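Engineer: predicted coordinates and the sequence they were generated for:
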Amino acid sequence: MDEITSSEVAARLIDSELSRLDPDANRPPNVISSEGLNLSFGAKSILTGVNMEFARGTITALIGPTGSGKSTFLRTINRMNDKVPSFRHEGDVKLDGESIWSSGQDLLTLRRRVGMLFQRPNPFPMSIRDNVVAGVRAHRIAKGKQLDIVAETRLREVGLWDAVKDRLGDSPFRLSGGQQQLLCLARALAVGPEVLLLDEPTSALDPLSTESVELLMRAMTPALTIIVVTHNLGQARRVSDKTMFFYEGRLVEHGDTSQIFDQPREASTDRYVNGLMG
Amino acid sequence: MSVVGGDAESITALGPIRRTTLVRRIGALLRSNEEHVWRYSARSAAIIPLAGLAFVLSVLVLKAWPAVKVNGFSFLTSSAWQPGSTYGAVVHTNGVAHPPGSSYGAWPLIAGTLQTSIIAVLIALPISIGTAFALTERLPGWISKPLGFFVEILAGIPSVVVGLWGVLTLGPLLAQHVYPLIANHVPNVPVLNYFRGPTGYGEGLLTSGLVLGLMIVPIIASTTRDLFMQVPPLPKEGGEALGLTDAEVARWVTIPWVRSGIIGATVLGLGRALGETIAVAMVSGSVLGHVSPNIYGTMTTVAATIVSQLDSAATDGTGFAVATLAEAGLILAVISVAVNVAARIIVNRTSRLSAPVGRDS
């Protein structure tokens, strides 16, 4: 007992205090998990038997040919598919251990916690500043003067502030495509999501804008968990920790990104990541 | 080329063969100048509406001019409507002959026109936007398609039929059950006390506004529905994915996306309401000479007055009463043009933040 110095005691106290303050301390390590998930539109089965866990603070890339079901999987996580009348699901998707379809789960809150960025920029027909704070106002996170601070903070976060600070009241449609996408990213980040779903976020962008989005993705983790659908294999390789390969409505293989690309277990994965199959 | 060739009746001095050749030649000439023919016919077609408008306006000004000279500026502010004596000696004012004691003022008509049209738009706009929303976003296709067709049919009901329904059914119903309820429960404070007082028998300002509102709903609703269908899904999905409610997506994305179009549709409806004649003539009470003291009172509009007074005006041997009606018509035309210009200015102001036209995402 004598060996324990007072400074060690202090360090342990600080540690325990920090872990008590950590909002993620008591949450499951996997922020999202899908269990035996089957998805279908009407009689057409899109995806079967997906079991997957997404660790908090990681970037997971969803790759696979068009029509393999990866986008449908992504859009299931924030329940965007629910409005399609023929959409059916079996199995479950859980956010922090709670089913996203459970009665205690408020759809609007779910979508605040699980944000989304789309294939093409989709700003709202309102000023640049109002775009950033639209979600903040809707969820009543801030109001009045606070909104200006939120707008500036988020625009700085995505590196757009200097480009737009003199025209916050202008239409977002005069910005370049890349700037518009960054604006949409700022808008998604403004409501403080825990998970961000990216649906081919750079497919409509030039290489420079693509690079800045990728850098941001790296910078946003581990504060955020990111799931990104991409057709850009280089992008998956560059930014993601884990990769899931979808093919013909099945999750063929998943694992560390380096393993998927360098030592794929399945033949179809091998052919896809080596460009032999589109 | 059998147009001429085989017809024995058409054979003239030129003879069948030569005539056919002539037709061919003209045809060839036209074809070789196809571009010119097309250009000039398109140009002349474009001029026709302009020429028509100029013609109507100039005739209106010409016919109204004697009345403008006599009635002067007070025509816009006076409430009098005295045709004067048909039997006395004709009087001359500013060189224009008119019956003795005649005195006209269009203020009640102008006020009535604006009041009924504003009520109509205030009622029709929210209903139309709601209808358009239900048709495009809320209802499944098997019900929204026939319902949309129904809305368009509503636009085709003759206004005289709507007026008949208004005066026989809607007016009495409202006067008996609805108007007294409102009048007795509205607090006696400024602005709101406009809804108090005698409620009449169902012919008057509010009934006219309601009937007009109903008539312009199909115009605004069907246009707005078409506009909503053009809003791309991606920005709306962006709103949903952000956790906005359906109402917020509507208010912040869908409606602003087509705001200038909705304003245009509203002006179209407003124009119809300003000019609507027979239905208003039937349900307004057609009472000249006063502005209704409350929202239920009898009144009339410019258009309704023109149609209801034309017969008696024709009995004025000096033609002055007809000239006065023409002046009223001129004022109505000016109001309509002013409304359209104002709408154009509003559209230019508000489209600053709207989406660029043709955005397909």
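Structural biologist: Sure thing, it's come through.
Engineer: which residues touch the residue nearest the centre of chain B?
Structural biologist: Most central residue of chain B, judged by C-alpha distance to the mean C-alpha position with Cα atoms, centre = their mean, is residue B:272 at 1.6 Å. Taking Cβ atoms under 8 Å, 6 or more residues apart in numbering or on different chains, we find residue B:272 in contact with B:215-216, B:219. All C-beta atoms are positioned from the backbone trio N, CA, C, and that covers glycine.
Engineer: for stretch B:109-117, what is the average pLDDT?
Structural biologist: Average pLDDT, stretch B:109-117: 96.
Engineer: now the residue of the stretch 51-200 of chain B found nearest chain A. Nearest residue, chain neighbours left out?
Structural biologist: Residue nearest to chain A within the stretch 51-200 of chain B: residue B:140 (7.7 Å; Cβ to the nearest Cβ). Spatially, and ignoring its direct neighbours in sequence, residue B:140 is nearest to residue A:85 (7.7 Å; Cβ to Cβ, 6 or more residues apart in numbering or on different chains).
Engineer: next: residue A:161.
Structural biologist: The shortest distance from residue A:161 to any non-neighbouring residue, by Cβ to Cβ, 6+ apart, is to residue A:155 (4.2 Å).
Engineer: could you verify that the one you found is part of a strand?
Structural biologist: No. Remark: residue A:155 does not belong to a strand; assigned using DSSP: H, G, I helix; E, B strand; the rest coil, it is helix.
Engineer: circling back: and the pLDDT for the residue nearest to the centre of chain B?
Structural biologist: According to the model, residue B:272 carries a pLDDT of 92.
Engineer: spatially central residue for chain A, please.
Structural biologist: Central residue of chain A (Cα atoms, centre = their mean): residue A:196, at 2.1 Å.
Engineer: who's in contact with that residue?
Structural biologist: With contact set as Cβ under 8 Å, 6+ apart, residue A:196 has these partners: A:114-117, A:188-189, A:220, A:224-227.
Engineer: going by distance to chain B, which of those residues wins?
Structural biologist: Taking Cβ to the nearest Cβ as the measure, residue A:116 is the one of the contacts of residue A:196 closest to chain B, at 3.9 Å.
Engineer: which SS class is the closest one?
Structural biologist: Bear in mind the rule, three-state DSSP; under it residue A:116 is strand.
Engineer: quick one: low-confidence ranges for the chain?
Structural biologist: Assuming you mean chain A. Within chain A, the ranges that satisfy pLDDT under 70 run A:1-4, A:22-25, A:278.
Engineer: my bad, the chain I had in mind was chain B
Structural biologist: B:1-19, B:351-361.
Engineer: for it, what's the longest helix?
Structural biologist: Across chain B, the longest stretch assigned as helix under DSSP state H is helix B:34-71.
Engineer: could you do chain A as well?
Structural biologist: Secondary structure of chain A per DSSP H: the longest helix is helix A:6-21.
Engineer: report all helices and strands that it contacts.
Structural biologist: The helices and strands touching helix A:6-21, judged by 3 or more Cβ pairs under 8 Å, 6 or more residues apart in numbering or on different chains; DSSP states H and E, number zero.
Engineer: which strands or helices does the very next helix or strand once past it pack on?
Structural biologist: If you walk from helix A:6-21 toward the C-terminus, the next helix or strand you reach (DSSP states H and E) is strand A:30-41. The elements that strand A:30-41 packs onto, with contact taken as 3+ Cβ pairs under 8 Å, 6+ apart, are strand A:44-55, helix A:70-77, strand A:87-95, strand A:225-229.
Engineer: run the chain-centre distance for strand A:30-41.
Structural biologist: Shown here is strand A:30-41, whose average C-alpha point lies 16 Å from the average C-alpha point of the whole chain (Cα atoms, centre = their mean, to the nearest Å).
Engineer: who does that strand pair up with?
Structural biologist: For strand A:30-41, the paired strands and their directions (DSSP bridges) are strand A:44-55 (antiparallel), strand A:87-95 (antiparallel).
Engineer: where do the strands sit along the stretch 151-278 of chain A?
Structural biologist: Shown for the stretch 151-278 of chain A, the strands assigned by DSSP state E, counting those that start in this stretch span residues A:195-199, A:225-229, A:242-247, A:250-256.
Engineer: cool, chain B as well?
Structural biologist: Using DSSP state E, the strands of chain B run over residues B:81-82, B:91-93, B:96-98, B:103-104.
Engineer: single out the most deeply packed of these.
Structural biologist: Each of the strands of chain B was assessed for mean neighbour count using mean count of other Cβ atoms under 10 Å in any protein chain shown. The highest is strand B:103-104, with a mean of 21.
Engineer: and that one, which strands flank it?
Structural biologist: Using DSSP bridges, strand B:103-104 pairs in its sheet with strand B:81-82 (antiparallel).
Engineer: ok, residues contacting the partner strand?
Structural biologist: Outside strand B:81-82, the residues that touch it by Cβ under 8 Å, 6+ apart are B:101-105, B:108, B:288-289.
Engineer: and for the closest residue in space to residue B:202 that isn't next to it in sequence, the neighbour number?
Structural biologist: Once flanking residues are discounted, residue B:202 sits nearest to residue B:171: 2.9 Å by Cβ to Cβ, 6+ apart. Counted by other Cβ atoms under 10 Å in any protein chain shown, the residues lying close to residue B:171 total 25.
Engineer: list the residues that contact residue B:171.
Structural biologist: With contact taken as Cβ under 8 Å, 6+ apart, residue B:171 is in contact with B:201-203, B:207, B:283.
Engineer: quick one on the thing from earlier: which of the contacts of residue A:196 are close to chain B?
Structural biologist: Checking the contacts of residue A:196 against chain B by Cβ under 8 Å from any Cβ of the partner chain, the ones in range are A:115-116, A:188.
Engineer: closest one of these to residue B:150?
Structural biologist: Of all the ones next to chain B among the contacts of residue A:196, residue B:150 sits closest to residue A:116, with 37.4 Å by Cβ to Cβ.
Engineer: skipping its backbone neighbours, what lies nearest the closest one in space?
Structural biologist: Taking Cβ to Cβ, 6+ apart as the measure, residue A:116 lies nearest to residue B:241, with 3.9 Å between them; neighbours along the chain are not counted.
Engineer: wait, that neighbour touches residue A:82, no?
Structural biologist: No. Residue B:241 is not in contact with residue A:82 according to Cβ atoms under 8 Å; the separation is 12.0 Å.
Engineer: these two: which is more packed in?
Structural biologist: Comparing residue B:241 with residue A:82 by neighbour count (other Cβ under 10 Å), the higher total belongs to residue B:241, at 24 against 15.
Engineer: how close does the closest residue to residue B:136 other than its chain neighbours sit to chain A?
Structural biologist: Across the structure, with Cβ to Cβ, 6+ apart as the measure, the residue nearest residue B:136 apart from its sequence neighbours is residue B:228 (4.3 Å). Plainly put, residue B:228 is 13 Å away from chain A if you go by Cβ to the nearest Cβ, to the nearest Å.
Engineer: neighbours around residue B:228, how many?
Structural biologist: Each residue near residue B:228 was counted by other Cβ under 10 Å, and the total is 21.
Engineer: how about the contacts made by residue 118?
Structural biologist: With no chain named, the answer covers chain A. Contacts were defined as Cβ under 8 Å, 6+ apart; by that measure residue A:118 touches A:184, A:199, A:201, B:234, B:237-238, B:241.
Engineer: my bad, the chain I had in mind was chain B
Structural biologist: By Cβ under 8 Å, 6+ apart, the contact set of residue B:118 is residue B:209.
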